[in-house]
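Novice: structure here, sequence nowhere to be found:
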């Protein structure tokens, strides 16, 4: 008799986790928090552009209890705005055998805010928009596709893809046209994936307003005065979330594993 | 006393209309139908890649009653996947004076289906995805921005931007990841514009399943068997819409002018 069929798992099993944008902010927190939920001999593939910050994170993880207990971390210094960057993450992940792994988890976390200092009417340069969409949309699509190909369906392997989404995927914010457009595009892309691949667990998680570098730019540069004031006010009134509190909810959702695949879950709805 | 304050206008006034993807399908129908609703000395700027088909449409319009009554048509052979293509449309529009015009109307109609013969997992080539998003998203954003800059707010001028959207902007369709992603991105982009520019009327119109070349590809190539069957069945049972019936509803919406700016209106909801 299986007695724990309703209670959430206490861990995510032995997993191969790939995290993009892992050097700082929410990505870095995901790496730290998930490391506590993985069985020994799990692997974290940490991708970002900044080599120094990745190495620092790796050192932290390696010297931690979970590192000593056998968590393997692998850094990939990569520009995910390029095909070569995507390929280098896939190569790094493929160096590890998925045999005996319980779980493959990809966190599509990396992303950029784009220029929020002006309104839609100012975006007249196609190269700028193309570049934004390439990094924020095409890259996430191609990395996800490559990894699902590299680690196909197999008995006993759970495969999970998390998209770090935003309220901006659902609601338009004045002077945030690139960010809203990119997040809406990503969200739909992962909803299509969820429809297509019922054996892949797909989650769009909106982490809420996080106290990160992106928020500094948001409250400093947002052209729309109301939106800018709301960010300033959230900051001054201590309403921004720490990456840790938001990540804790994400981890709980992943452990419980009860969400409908493709769903959009927001920190504030959980 | 104004007696016709509720009844819709009978025409769209003297307008400068820009229509992308005007050489065939829904774009061509928009050109023909709107020409009947414009006051004399209105201008249609018709953009597409195919020179021959544009000239044919221009000849039809010029020889029609409205052409004889003074409708000006201008063809722009342009590849809207490029900045130069976008600029050439703007240049053509700017040759006409907006003085004495009642209305500026841009129809962002051009778009492509993308490869529907495979699933999300197959999209591993960033250049392919980049190119799709550039033509379907960046181009519409930059053209809209350039035209709104070129024809700024002025007393007595209504400015209206129509995005030819789709149910796919809202709902994920298996094996249609590029199309769904592009349409979701476009829809959000125009929702942001609507929030930012209250004096610009912004409409996301989903025309329904049209009996066009795109549907031929859809029912011939869609990888997902259920979606493909549903297109085949719509075709064989005569449930596809003609461009004319869908366009008639769009024109009615534009004449009534009562939609909330930024709204998504679907043929079947009207």
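Specialist: Noted; the coordinates are in hand. Note that the structure is a prediction, hence the values are computed from the model and not measured. Numbers count the residues shown, from 1 in each chain, chains lettered A, B, ... in the order given.
Novice: for the stretch 151-270 of chain A, which residues are neighbours of chain B?
Specialist: Neighbours of chain B within the stretch 151-270 of chain A, by CB under 8 Å from any CB of the partner chain: A:169, A:172-177, A:180-189, A:191-197, A:224, A:262. Bear in mind the C-beta positions are built from the backbone N, C-alpha and C, glycine included.
Novice: restricted to helices, list those residues.
Specialist: Among these, the ones falling in helices (DSSP state H) are A:177, A:180-189, A:191-196.
Novice: can I have the buried ones of these as a ChimeraX selection?
Specialist: Command for ChimeraX that selects the buried part of those, burial taken from 16 or more other CB atoms under 10 Å in any protein chain shown:
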select /A:177,180,181,182,183,184,185,186,187,188,189,191,192,193,194,195,196
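Novice: residues in contact with the closest residue to residue A:117 other than its chain neighbours?
Specialist: What sits nearest to residue A:117 in space, not counting adjacent residues and going by CB to CB, 6 or more residues apart in numbering or on different chains, is residue A:221, at 4.6 Å. By CB atoms under 8 Å, 6 or more residues apart in numbering or on different chains, the residues touching residue A:221 are A:116-117, A:228.
Novice: I'd like to know how far the residue nearest the centre of chain A sits from residue A:36.
Specialist: For chain A, the residue nearest the mean C-alpha position is residue A:109 (2.4 Å; CA atoms, centre = their mean). As judged by CB to CB, to the nearest Å, residue A:109 and residue A:36 stand 18 Å apart.
Novice: next one: residue A:114
Specialist: Plainly put, residue A:114 is 33 Å away from residue A:36 if you go by CB to CB.
Novice: for residue A:166, same thing?
Specialist: 25 Å.
Novice: what comes up buried for the one helix or strand in chain A whose mean pLDDT sits lowest?
Specialist: In chain A, the helix or strand scored least confidently by mean pLDDT, DSSP states H and E is helix A:65-68, which has a mean of 92. Buried residues in helix A:65-68, counted by 16+ other CB under 10 Å: A:66-67.
Novice: which helix or strand lies directly C-terminal to that helix?
Specialist: Next helix or strand after helix A:65-68 toward the C-terminus (DSSP states H and E): strand A:72-77.
Novice: packing partners for that next one?
Specialist: strand A:43-48, helix A:51-63, helix A:83-94 (3 or more CB pairs under 8 Å, 6 or more residues apart in numbering or on different chains; DSSP states H and E).
Novice: other residues contacting it?
Specialist: Here strand A:72-77 makes contact (CB under 8 Å, 6+ apart) with A:41-51, A:54-55, A:57-58, A:61-62, A:67, A:88-89, A:92, A:95-96.
Novice: make it 6 Å
Specialist: Strand A:72-77 is contacted by residues A:43-47, A:51, A:54, A:58, A:61, A:88-89, A:92 when judged by CB atoms under 6 Å, 6 or more residues apart in numbering or on different chains.
Novice: export the residues you listed to CSV and tack on neighbour count and pLDDT?
Specialist: Putting the contacts of strand A:72-77 into CSV (neighbours: other CB atoms under 10 Å in any protein chain shown; pLDDT from 0 to 100) gives the following:
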residue, neighbour count, pLDDT
A:43, 21, 98
A:44, 27, 98
A:45, 26, 98
A:46, 28, 98
A:47, 29, 98
A:51, 12, 95
A:54, 24, 97
A:58, 18, 97
A:61, 18, 97
A:88, 17, 98
A:89, 24, 98
A:92, 18, 98
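Novice: can you list the residues you listed in a markdown table and add distance to chain B?
Specialist: Compiled in a markdown table, those are given as follows (distance: CB to the nearest CB, whole Å):
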| residue | distance to chain B |
| --- | --- |
| A:43 | 22 |
| A:44 | 23 |
| A:45 | 18 |
| A:46 | 21 |
| A:47 | 15 |
| A:51 | 22 |
| A:54 | 22 |
| A:58 | 27 |
| A:61 | 29 |
| A:88 | 13 |
| A:89 | 12 |
| A:92 | 16 |
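Novice: element containing the spatially closest residue to residue A:190 that is not a sequence neighbour?
Specialist: Among residues not flanking residue A:190 along the chain, residue A:163 sits closest, at 4.6 Å (CB to CB, 6+ apart). Secondary structure from DSSP H and E places residue A:163 in strand A:158-164.
Novice: and that strand with helix A:177-196, angle?
Specialist: Angle, strand A:158-164 to helix A:177-196, by axes from the mean of the first three to the mean of the last three CA atoms, to 10 degrees: 160 degrees.
Novice: now strand A:158-164: average pLDDT?
Specialist: Mean pLDDT, strand A:158-164: 98.
Novice: which other helices and strands contact it?
Specialist: Packing contacts for strand A:158-164, counted by 3 or more CB pairs under 6 Å, 6 or more residues apart in numbering or on different chains; DSSP states H and E, involve strand A:103-108, strand A:200-206.
Novice: switch to 7 Å and redo it
Specialist: Counting contacts by 3 or more CB pairs under 7 Å, 6 or more residues apart in numbering or on different chains; DSSP states H and E, strand A:158-164 is packed against strand A:103-108, helix A:177-196, strand A:200-206.
Novice: surely residue A:16 forms part of a strand?
Specialist: Yes - checked against DSSP: H, G, I helix; E, B strand; the rest coil, residue A:16 lies within a strand.
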